[in-house]
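*Asks:* Turn this into a structure:
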Amino acid sequence: MPAVNFSDPTGTDRHRAMDGPLGRAVMAALRAPSILNTQPWRWRIHDGAAELWADRSRQLTHLDREGRLLTFSCGIALHHAAAALTALGHRPGIDLFPDDREPDLLARLWVGEPHRPTSDESHAFQSMLSRRTDRRPGLGDVAVPAYLLRQLRGAVERSGAHLHLVPDEQLPVLMVAGDHAAQIESADPGARADLTRWTHRPQAAREGISADTVAPEVVRRVPHRQFLSGGDAHLDPGVGSDRTADYAILFADGDGRLDWLTSGEAMSALLIVATMHHISVNPISNVIEVAATRATLAGLLCQLGHPMLGMRLTVAAATPPPRETRRSPAEVIDA
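*Replies:* You can find the predicted model right below:
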């Protein structure tokens, strides 16, 4: 496929586009989380629409060979943009995979009819902007109430995906899957190279996983990926133990590009509702990256769907972790 030309038009045209509702919505969507904070997207605003493109130069060559998590990440960004447009007073119009000749054109977003945002929609927008990923262990004596877990499941279902809350009897299987994925990836030079590339970025790059957002390894119920060695991780892990943490698997009916993208939209909906209710969501992606452990998770679902992401759910800490960096709009948005 020929390269997409994201040329920079005149400053006046760009300012006009960025100051409009689409530009403001896309700007807000830059806060979306992504696999290893790769931010694997480009936005192009023209002809009354914002196009979302997959940026293959930011794909994890070994950890995400098929582009599953890249597309999933872009789905989160798409839903963020739509939620922002709603809060700005417009119903979003979305067309997924609008051009068969351009497989990396994932979606086209446009401004629909005027809409008076509800207080919940405005609250959701503010929560979207304030959300952070907390990799510290959750407090050991406070659990997420069951009714809030049901709200998270409802948010995912309304977005076209599903959420499996892992019962206690399945936790040993999830624990073994996490260990197995870590062993497989640590033995793979390509996987180690991917991880090194995105955890040792220069500070000016404003991408990747920074040491300030990673806590040293501690004992957990379910092992998480170690982004950095203990001496390189700067975030104080605190006194949490994950003892009362809940675990979940977001899954879809199918396993194609459309499923990956819409599952990312569902993940964004979950993250927004979780933040609104002070629930911390820590993604566990290595069990998805490895085919064998992804199959293990499918077994936990009784083969009723395709796993897209594992996650830990805890009550949010009173003091939030540092924000992860984001690239500047000029690097990501062509208008």
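*Asks:* Name the next helix or strand following the helix or strand hosting Q183 along the chain.
*Replies:* Assigned by DSSP states H and E, Q183 belongs to helix 171-186. For helix 171-186, the following helix or strand on the C-terminal side (DSSP H and E) is helix 189-199.
*Asks:* and that next one, how far from the chain's centre?
*Replies:* 19 Å (C-alpha atoms, centre = their mean, to the nearest Å).
*Asks:* which residues are contacting that helix?
*Replies:* If you take C-beta atoms under 8 Å, 6 or more residues apart in numbering as the criterion, helix 189-199 is touched by 36-38, 60-63, 184-186, 207-209, 214, 227-228, 289. C-beta coordinates here come from the backbone N, C-alpha and C atoms, glycine included.
*Asks:* for the record, mean pLDDT for it?
*Replies:* The pLDDT scores in helix 189-199 average 96.
*Asks:* helix/strand/coil for L148?
*Replies:* helix (DSSP: H, G, I helix; E, B strand; the rest coil).
*Asks:* in the chain, which ranges drop under the pLDDT threshold?
*Replies:* 1-17, 230 (pLDDT under 70).
*Asks:* how is it carved up into domains?
*Replies:* Per automatic domain parsing, the domain ranges recorded for the chain read 11-130, 146-315.
*Asks:* ok, back up a step: what does the helix holding Q183 contact?
*Replies:* Residues outside helix 171-186 that contact it (C-beta under 8 Å, 6+ apart): 63, 166, 191-192, 195, 221-226, 247, 284, 286-287, 289-290, 292-293, 296-297, 299-300, 310.
*Asks:* Now do the same contact list for the residue nearest to R206 when sequence neighbours are not counted.
*Replies:* Nearest residue to R206, sequence neighbours excluded (C-beta to C-beta, 6 or more residues apart in numbering): T325, at 4.1 Å. Listed by C-beta under 8 Å, 6+ apart, the contact set of T325 reads 37, 203, 205-207, 210.
*Asks:* Tell me where the stretch 51-200 of the chain has helices.
*Replies:* 68-87, 119-130, 146-158, 171-186, 189-199 (DSSP state H, counting those that start in this stretch).
*Asks:* actually the stretch 201-335 of the chain, sorry about that
*Replies:* Under DSSP H, counting those that start in this stretch, the stretch 201-335 of the chain gives helices at 257-276, 286-289, 291-300, 329-332.
*Asks:* Mind putting the ones you listed into a markdown table with mean neighbour count and distance to S119?
*Replies:* A markdown table is the format used below for those (neighbours: other C-beta atoms under 10 Å; distance: least, C-beta to C-beta, whole Å):
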| stretch | mean neighbour count | distance to S119 |
| --- | --- | --- |
| helix 257-276 | 24 | 11 |
| helix 286-289 | 24 | 35 |
| helix 291-300 | 17 | 37 |
| helix 329-332 | 15 | 28 |
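*Asks:* Let me have those helices in CSV, adding distance to V156 as columns.
*Replies:* Output for the helices of the stretch 201-335 of the chain, formatted as CSV (distance: least, C-beta to C-beta, whole Å):
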stretch, distance to V156
helix 257-276, 5
helix 286-289, 16
helix 291-300, 16
helix 329-332, 27
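*Asks:* Tell me which of those lies nearest to A32.
*Replies:* helix 257-276 (6.9 Å; C-beta to C-beta).
*Asks:* roughly how far is the closest one from the heart of the chain?
*Replies:* With C-alpha atoms, centre = their mean, you get 8 Å for helix 257-276.
*Asks:* What is it packed up against?
*Replies:* helix 68-87, strand 90-96, helix 119-130, helix 146-158, strand 246-252, strand 279-284, strand 306-315 (3 or more C-beta pairs under 8 Å, 6 or more residues apart in numbering; DSSP states H and E).
*Asks:* repeat that for 6 Å
*Replies:* The contact analysis (3 or more C-beta pairs under 6 Å, 6 or more residues apart in numbering; DSSP states H and E) places helix 257-276 against helix 68-87, helix 119-130, helix 146-158, strand 246-252.
*Asks:* right, so the ones you listed: which one is the most enclosed?
*Replies:* Comparing the helices and strands packed on helix 257-276 by mean neighbour count (mean count of other C-beta atoms under 10 Å), helix 68-87 ranks first with a mean of 26.
*Asks:* Run the chain-centre distance for it.
*Replies:* For helix 68-87, the distance to the chain centre is 9 Å (C-alpha atoms, centre = their mean).
*Asks:* Now do that helix and helix 291-300, the angle between them.
*Replies:* Here the directions of helix 68-87 and helix 291-300 differ by 60 degrees (axes from the mean of the first three to the mean of the last three C-alpha atoms, to 10 degrees).
*Asks:* going forward, begin numbering at 8 instead of 1
*Replies:* Sure thing, new numbering starts at 8, so read that last one as helix 75-94.
*Asks:* Restrict helix 75-94 to CA atoms and write it as PDB.
*Replies:* C-alpha atoms of helix 75-94 as PDB (Å, rounded to 0.1, in the frame of the first residue of the first chain):
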ATOM      1  CA  ARG A  75      -4.400  -7.000  17.400                       C
ATOM      2  CA  LEU A  76      -3.300  -4.700  20.200                       C
ATOM      3  CA  LEU A  77      -2.500  -1.800  17.900                       C
ATOM      4  CA  THR A  78      -6.000  -1.900  16.500                       C
ATOM      5  CA  PHE A  79      -7.400  -2.300  20.000                       C
ATOM      6  CA  SER A  80      -5.500   0.700  21.100                       C
ATOM      7  CA  CYS A  81      -6.900   2.700  18.200                       C
ATOM      8  CA  GLY A  82     -10.400   1.700  19.200                       C
ATOM      9  CA  ILE A  83      -9.800   3.300  22.600                       C
ATOM     10  CA  ALA A  84      -8.700   6.500  20.900                       C
ATOM     11  CA  LEU A  85     -11.800   6.400  18.600                       C
ATOM     12  CA  HIS A  86     -14.200   6.100  21.500                       C
ATOM     13  CA  HIS A  87     -12.300   8.800  23.400                       C
ATOM     14  CA  ALA A  88     -12.800  11.200  20.500                       C
ATOM     15  CA  ALA A  89     -16.500  10.300  20.200                       C
ATOM     16  CA  ALA A  90     -17.000  10.800  24.000                       C
ATOM     17  CA  ALA A  91     -15.300  14.200  23.700                       C
ATOM     18  CA  LEU A  92     -17.500  15.200  20.800                       C
ATOM     19  CA  THR A  93     -20.600  14.200  22.800                       C
ATOM     20  CA  ALA A  94     -19.500  16.300  25.700                       C
END
